[in-house]
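Peer 1: Just need the structure, nothing else, for what follows:
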Amino acid sequence: MTTRVQTLIDAVQELSLLEQLDLISTISQSIHRSYQQAQPAADFWEPKKLEQHVQAQLTRPVTDIADLVADFWPEEESADDFIAYTYQQRREDRLRA
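Peer 2: From the prediction side, this is the model:
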């Protein structure tokens, strides 16, 4: 952390809670204005509806559960095999973390 940033943090800690909230609001508005000027076509601050995300990704709703595993899991394997595989993958992921 730079000395300037640390100096600012130290100064902010001396402010009251309401002053800190006001500062956060002011900084947020400033960042929002800067973002809007840099990216006028994209509106990061406006949440999108799920349907908008789906449309942007050109995804289709799943109508058959078999479509989800058709390319992933061999048909001859049982549900128990799938569960054991999932637990094994999670164990391996934890060991890598």
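Peer 1: Stretch 83-96 - what's its average pLDDT?
Peer 2: Across stretch 83-96, pLDDT averages out at 91.
Peer 1: Give me the contacts around it.
Peer 2: The contact list for stretch 83-96 (CB atoms under 8 Å, 6 or more residues apart in numbering) is empty. Yep, even glycine has a C-beta here, placed from its N, CA and C like the rest.
Peer 1: do the same with stretch 19-27
Peer 2: Around stretch 19-27, the neighbours that count as contacts under CB under 8 Å, 6+ apart are 12, 15.
Peer 1: how distant is that stretch from the center of its chain?
Peer 2: 24 Å (CA atoms, centre = their mean, to the nearest Å).
Peer 1: Dump the C-alpha coordinates for that stretch into PDB.
Peer 2: Output of stretch 19-27 as PDB, limited to C-alpha atoms (Å, rounded to 0.1, in the frame of the first residue of the first chain):
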ATOM      1  CA  GLU A  19     -18.800  11.500   7.600                       C
ATOM      2  CA  GLN A  20     -17.300   8.200   6.500                       C
ATOM      3  CA  LEU A  21     -20.600   7.200   4.900                       C
ATOM      4  CA  ASP A  22     -20.800  10.600   3.100                       C
ATOM      5  CA  LEU A  23     -17.300  10.100   1.900                       C
ATOM      6  CA  ILE A  24     -18.100   6.600   0.500                       C
ATOM      7  CA  SER A  25     -21.200   8.000  -1.200                       C
ATOM      8  CA  THR A  26     -19.200  10.900  -2.800                       C
ATOM      9  CA  ILE A  27     -16.400   8.500  -4.000                       C
END
